[in-house]
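Undergrad: After the sequence you'll find the predicted model.
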Amino acid sequence: MNDSSWGAPTGAGYWGPPVQGPSQGASPAGPAYDQHAVEETRPMPIVPEMPDVPAGGRDQDDDRGAARPSGPLFRDESPSGSRDEPSRGTHDEQPRESTEHEPPRGTQHETQHQTHRQTQHQTPYVTPHEAQHESRQEPMPSAAQPDPAPPKKSAGRDLGAAIGVGVGLGAVIVASLFIVKAVFIGVVAVAVVVGLWELTSRLEERKGIKAPLVPLAVGGAAMVVAGYVRGTEGAWVAMALTALAVLVWRMTEPPEGYLRDVTAGVFAAFYVPFLATFVALMLAADDGPQRVLTFLLLTVVSDTGAYAIGWRFGKHKLAPRISPGKTREGLVGAVTFAMAAGALCMQFLIEDGVWWQGLLLGLAVAASATLGDLGESMIKRDLGIKDMGTLLPGHGGIMDRLDSLLPTAPVVWLLLVIFVGAG
């Protein structure tokens, strides 16, 4: 090994103390040499503790910065790119100037010992393995935080607006029902026309089905009036004429989709105006206002009981694929509330009525109202919508309020005819 392996000469860039003894030709220290060779090795100076910097050394150190323990311990481990590594095993290469202070080489044990003493006064060296290990350490757990309060159940709608609209509609219905029957028939006809408009509009928007609205609206209003004036025969005749008008009206357009459109039109005629005609049939009786009021009260009470009990105690889904919000507990509430209200209505509102008939009537109303609500939910789910309209704040559209009333009307009409007659 050549002389340059001992370090730079004392005159050029060397910060340490003067070298005692020969600096040239001495054999490198190592296990194979005696104690005298070991004593000739010079100790490694600690660069940060040197107060004076020789002239010329400042420029040489600017490129490397302050000495730090992360550097190589031996000359053979010098970083790449700082200088060319001398050829090992050759003695005839020329000595070169050192750009940074290099410690003399001694035995491996002594060098490590000097490095250990140096790191006691400097920043400890962190190996990549230790840095990776420290990065894996999990942070100290913070102080235990209190559990968040469980979220409150939400009604899903604006209850204030819903109650206000419901009270307003109820006042209009009751006033027209007991003052002039013809006004109530007009209210029913308007509700039917608006419901048909909502249904046909949603069918066209979501499915591209063009059910003819004009014959449906005219025939639907005629159905309600015919049922009140001519009874069941008039209602059936109006239904047949409305279906025929739908078939003819659709012929004015191209034949593509004809069967689909007329089928939807006939369904709409049966679903909205024909079922609403049974309300007009109940009103035609001598105690018609009391019968209609019983029908409305039982349906509203059934929906209210299902909502109240289901919202408070509902845990088991009734029909999750159709209406995820409905529960079996809500159904029990609907039946209980409707039977209690039916017993009271039959006992005090219906002439010749008996309380136990009201129990059966309430049970039937709860079942039909629930099925009607599920049927409407099935239609809306197929159309991919939540509400049929936005006409009634807090409720949706007219059809969203008629969903349980329409299928319940023929059930109440039929049971009242069986219990107390047609009147």
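TA: Thanks, I have the structure now.
Undergrad: helices or strands next to the strand or helix carrying Ala409 in the packing?
TA: Using DSSP states H and E, Ala409 sits within helix 405-420. Secondary-structure packing of helix 405-420 (3 or more Cβ pairs under 8 Å, 6 or more residues apart in numbering; DSSP states H and E): helix 275-283, helix 288-313, helix 355-383. C-betas here are computed from N, CA, C, even on glycine.
Undergrad: Pull out the buried positions in the helix ranked longest in the chain.
TA: Using DSSP state H, we find that the single longest helix of the chain is helix 213-250. Residues 213, 215-217, 219-228, 234-236, 238-239, 241-243, 245-246, 249-250 are the ones in helix 213-250 that count as buried (16 or more other Cβ atoms under 10 Å).
Undergrad: Could you identify the helix or strand that succeeds it?
TA: Note on helix 213-250: by DSSP H and E, the next helix or strand toward the C-terminus is helix 258-269.
Undergrad: returning to that earlier point: possible to save the helices and strands packed on helix 405-420 as a markdown table with mean pLDDT, mean neighbour count and distance to Met399?
TA: Listed next are the helices and strands packed on helix 405-420 as a markdown table, based on pLDDT from 0 to 100; neighbours: other Cβ atoms under 10 Å; distance: least, Cβ to Cβ, whole Å:
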| stretch | mean pLDDT | mean neighbour count | distance to Met399 |
| --- | --- | --- | --- |
| helix 275-283 | 96 | 25 | 11 |
| helix 288-313 | 94 | 21 | 15 |
| helix 355-383 | 96 | 20 | 7 |
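Undergrad: Tell me how far Val194 lies from Ala306.
TA: Counting by Cβ to Cβ, to the nearest Å, the gap from Val194 to Ala306 is 25 Å.
Undergrad: again, but for Lys207
TA: For Lys207, the distance to Ala306 - Cβ to Cβ - is 29 Å.
Undergrad: And Ala367, by the same measure?
TA: Taken as Cβ to Cβ, the span from Ala367 to Ala306 is 12 Å.
Undergrad: Equivalent analysis for Thr200, please.
TA: From Thr200 to Ala306 the distance is 29 Å (Cβ to Cβ).
Undergrad: do the same with Phe278
TA: Counting by Cβ to Cβ - Phe278 and Ala306 are separated by 22 Å.
Undergrad: and if you look at Trp249?
TA: 39 Å.
Undergrad: same deal with Ala264?
TA: Distance from Ala264 to Ala306, by Cβ to Cβ: 30 Å.
Undergrad: Tell me if Leu318 really is in a strand.
TA: Yes. Applying DSSP: H, G, I helix; E, B strand; the rest coil, one finds Leu318 inside a strand.
Undergrad: ok, and the closest non-adjacent residue to it?
TA: Once flanking residues are discounted, Leu318 sits nearest to Lys326: 4.3 Å by Cβ to Cβ, 6 or more residues apart in numbering.
Undergrad: Just read off the phi/psi values of that neighbour.
TA: phi -90, psi 140 (degrees, to the nearest 10).
Undergrad: Return the residues in contact with it.
TA: Contact partners of Lys326, counting by Cβ atoms under 8 Å, 6 or more residues apart in numbering, are 306, 310, 317-319, 370, 373-374.
Undergrad: would you list these in CSV and tack on distance to Arg401?
TA: Listed next are the contacts of Lys326 as CSV, based on distance: Cβ to Cβ, whole Å:
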residue, distance to Arg401
Ala306, 15
Gly310, 18
Lys317, 24
Leu318, 20
Ala319, 20
Thr370, 15
Asp373, 11
Leu374, 16
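Undergrad: Closest to Leu259 out of those?
TA: Leu374 (27.2 Å; Cβ to Cβ).
Undergrad: What is the neighbour count of the residue lying closest to the closest one once chain neighbours are set aside?
TA: Leaving aside its sequence neighbours, Leu374 sits nearest to Ile322 (Cβ to Cβ, 6+ apart; 5.3 Å). When neighbours are counted by other Cβ atoms under 10 Å, Ile322 registers 16.
Undergrad: Okay, Ile322 and Asp382: tell me how far apart.
TA: 10 Å.
Undergrad: who's in contact with the nearest residue to Pro407 once chain neighbours are set aside?
TA: Distances taken as Cβ to Cβ, 6+ apart put Gly372 closest to Pro407, at 3.6 Å, once the chain neighbours are dropped. Shown in contact with Gly372 (Cβ under 8 Å, 6+ apart): 403-408.
Undergrad: Of those residues, just say which sits nearest to Ser176.
TA: Leu405 (15.8 Å).
Undergrad: thinking the closest one is in contact with Thr299, fair?
TA: Yes. Taking Cβ atoms under 8 Å as the definition, Leu405 is a contact partner of Thr299 at 5.5 Å.
Undergrad: shared neighbours of these two, which are they?
TA: Ala369.
Undergrad: Helix or strand: which one has Val194?
TA: helix 181-207.
Undergrad: got the angle for that helix vs helix 288-313?
TA: Calculated by axes from the mean of the first three to the mean of the last three Cα atoms, to 10 degrees, helix 181-207 forms an angle of 40 degrees with helix 288-313.
Undergrad: Mind checking the pLDDT average for stretch 260-271?
TA: The average of the pLDDT scores along stretch 260-271 is 97.
Undergrad: which stretches of the stretch 101-250 of the chain have low pLDDT?
TA: 101-159, 162 (pLDDT under 70).
Undergrad: Apply 50 and report the result again.
TA: 101-109, 113, 116, 119-121, 123, 133 (pLDDT under 50).
Undergrad: these two touch, right, Gln347 and Trp356?
TA: No. Shown here, Gln347 and Trp356 do not form a contact pair, counting by Cβ under 8 Å, at 9.4 Å.
Undergrad: Many thanks, we can stop here.
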